[in-house]
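# Kindly return the folded structure for what I paste below:
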Amino acid sequence: MTQTTEVRRTAIVTGAARGIGAAVAERLGQDGLAVGVVDLDEADCAATVEAITGNGGSAMAVAADVADEAAVTAAVARVAEELGPPTVLVNNAGVGPRADLVDMTTEQWDMVMGVNLRGTFLVTRAVCPYMVAAGWGRVVTMSSISAVGDAARVDYAGAKAGLIGFTKSLALQLGQHGVTANTIAPGFVVSDMTRASARRLGLSFEEFQRRAVRSIPVGRVGRPEDIAHTASYLVHPAAGFVSGQVIYVAGGPVD
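Residues are numbered from 1 along each chain as shown. The predicted structure is shown next:
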């Protein structure tokens, strides 16, 4: 009787030094994937890598600015060479500073679009050939409930809405190759970004969370692990009939 050995899958997670990205990378490591942990500073990725390898998994830290085409190409090639061809991609890297439209500089707009939209495009374009060659792949991209409108961040809302259209189009284009593409849209999640929002409003983070909970039907704020659980499902082989979807992980319906 011939035994078959499951091929180890390789994932790339961007913005994985901390927060949601780190939680996703660690969860995929627990699921048995080798993980390329990508962020601006390789040293900042050390804790995520150690969490994965300390649990018996395989991971490596890679420094790359996702908005830099050459850096992305080099980072993806390095992961492919050292961990194996990537067939799972989680586009998590993103930025979202707040500014009213009239106060927003062109430089801020370009930076937000560069990281959120251009970065997702560049990394996805670099990884997809490996998926097509394998005849199998998973792309998960982080949007946000801000995609339906955010008065404080028109640039961020526009970029996150753009990622939904990008993902749906990707699902249509790559489905024939066995590749699915889905978007996760988190609500209020404990993170550096929500902590920064509390500081800007002059609130303690505890008070900021208490106020947020009032509008969340399940009665609590989100944790990075909530997003990681959802990503884990979407990249699993069992999720092969789920593609082109927006999964709101927000504790309740989002209009």
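# can you pull out the strands in the stretch 51-200 of the chain?
59-63, 86-91, 137-142, 179-186 (DSSP state E, counting those that start in this stretch).
# Point out where the protein drops to low pLDDT.
1-8, 255 (pLDDT under 70).
# Okay, domains of it per the record?
Domain assignment of the chain by automatic domain parsing yields the ranges 10-187+224-249, 190-221.
# quick one: the first one to chain centroid distance?
So the one you mean is domain 10-187+224-249. 3 Å (C-alpha atoms, centre = their mean, to the nearest Å).
# how far does that domain stretch from start to finish?
25 Å (C-alpha to C-alpha, to the nearest Å).
# With adjacent residues omitted, what lies nearest to R195?
Among residues not flanking R195 along the chain, F205 sits closest, at 5.4 Å (C-beta to C-beta, 6 or more residues apart in numbering). (Glycine included, C-beta is placed from N, CA and C.)
# That neighbour: neighbour count?
Neighbour count of F205, defined by other C-beta atoms under 10 Å: 14.
# Which helix runs longest in this structure?
In the chain, assigned by DSSP state H, the helix with the most residues is helix 154-174.
# residues making contact with that helix?
Outside helix 154-174, the residues within contact range by C-beta atoms under 8 Å, 6 or more residues apart in numbering are 91, 94-97, 99, 101, 104, 108-109, 112-113, 116-117, 120-121, 124, 128, 131-132, 137, 139, 141-144, 146-150, 180-183, 185, 243-244, 246.
# Touching, the residue nearest to R195 and S197? I think so.
No - at 9.2 Å, F205 does not count as touching S197 under the criterion of C-beta atoms under 8 Å.
# who touches G175 in this structure?
Shown in contact with G175 (C-beta under 8 Å, 6+ apart): S243.
# mind running it again at 10 Å?
G175 is in contact with 181, 240, 243-244, counting by C-beta atoms under 10 Å, 6 or more residues apart in numbering.
# Considering these, which is situated nearest to R214?
G244 (32.9 Å; C-beta to C-beta).
# Wait, that closest one touches T141, no?
No - contact criterion C-beta atoms under 10 Å: G244 and T141 do not qualify, at 11.4 Å.
# what is in contact with those two at once?
Common neighbours of G244 and T141, counting by C-beta under 10 Å, 6+ apart, are 164, 167, 170, 181-183.
# Report the central residue of this protein.
N92 (2.2 Å; C-alpha atoms, centre = their mean).
# That one against M142, yeah?
Yes - counting by C-beta under 10 Å, M142 is a contact partner of N92 at 4.8 Å.
# Not counting sequence-adjacent ones, nearest residue to D44?
Counting by C-beta to C-beta, 6+ apart, D44 lies nearest to A17, which is 4.0 Å off, once chain neighbours are set aside.
# now the one you found: how far from G175?
32 Å (C-beta to C-beta, to the nearest Å).
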